[in-house]
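J.: can you look at this prediction? I've put the sequence above it.
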Amino acid sequence: MTVTQLDKDRILEVHKQTAEVIKKGNGPFFARVYDKDGNIVAEAGNSVVKDNCPVYHAEVNAIRCACANLKTYDLAPYDLSLYVNAEPCIMCVGAIMWSGIKKVYYGVPSKDVERITGFDEGFKPNWHEEFAKRGIEVEGDIEVEAGKKVLEDYVNSGKEVYMPSR
Ligand SMILES: [Zn+2]
């Protein structure tokens, strides 16, 4: 899989939407799901704090939304692509695997997300390879600078970096 200009444009738009949902009280993550004809099937921001649910990451919310819109628990027949502003965390890697999404494109890699925000993205040994074995294609580190800027603005505005107390 190669990253096309269209993919870059979609990630840039996802970064913009991330900044928009932050203004609405969401966490600094946003995901959008496209079908193969370029239609937006679903989109969502992270709503962990807003909805009092630790699993409501942007990817999980977008998958829930896509499944509700298509009235299915298996997205595989729809040949969908998920675009997200940051590399999926350990939970979202799992959620994407169970969803039937076929292609994943992400912006900022986890190491940068963790460095900038302090969020813990979890352990993900060889997830690109594991996805490839299952026929799920992944491309990352797309339009990273624009994505990092949104995360830095989130942190600099003093917004919450939420995680379980340890
Ligand atoms: Zn996640």
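T.: Looks like it arrived, so ask away.
J.: ok, R134 touching I96?
T.: No: look at R134 against I96 with Cβ atoms under 8 Å: they stay out of range, at 10.2 Å. C-beta: built from backbone N, CA, C; applies to glycine.
J.: give me the more crowded residue out of those two.
T.: Per other Cβ atoms under 10 Å, whichever of R134 and I96 has more neighbours is I96, with 25 against 7.
J.: in a helix, the more buried one, correct?
T.: Yes: the assignment for I96, made by DSSP: H, G, I helix; E, B strand; the rest coil, places it in a helix.
J.: so that it lines up with my notes, have the first residue be 4 from now on.
T.: Sure thing, new numbering starts at 4, so read that last one as I99.
J.: pull the contacting residues for it.
T.: E62, I66, L85, P91, V107, F134, I139 (Cβ atoms under 8 Å, 6 or more residues apart in numbering).
J.: from G125, how far out is the fourth one?
T.: Applying Cβ to Cβ, to the nearest Å, the value for P91 to G125 is 10 Å.
J.: with the fifth one instead?
T.: Here V107 is placed at a distance of 16 Å from G125 (Cβ to Cβ).
J.: for Y81, what are phi and psi?
T.: phi -90, psi -10 (degrees, to the nearest 10).
J.: all strands of this structure, in order?
T.: 30-37, 43-49, 84-89, 106-111, 140-142 (DSSP state E).
J.: on that earlier part again, between P91 and G125, which is the more surrounded one?
T.: When P91 and G125 are compared for neighbours, P91 comes out ahead with 28 against 14, by other Cβ under 10 Å.
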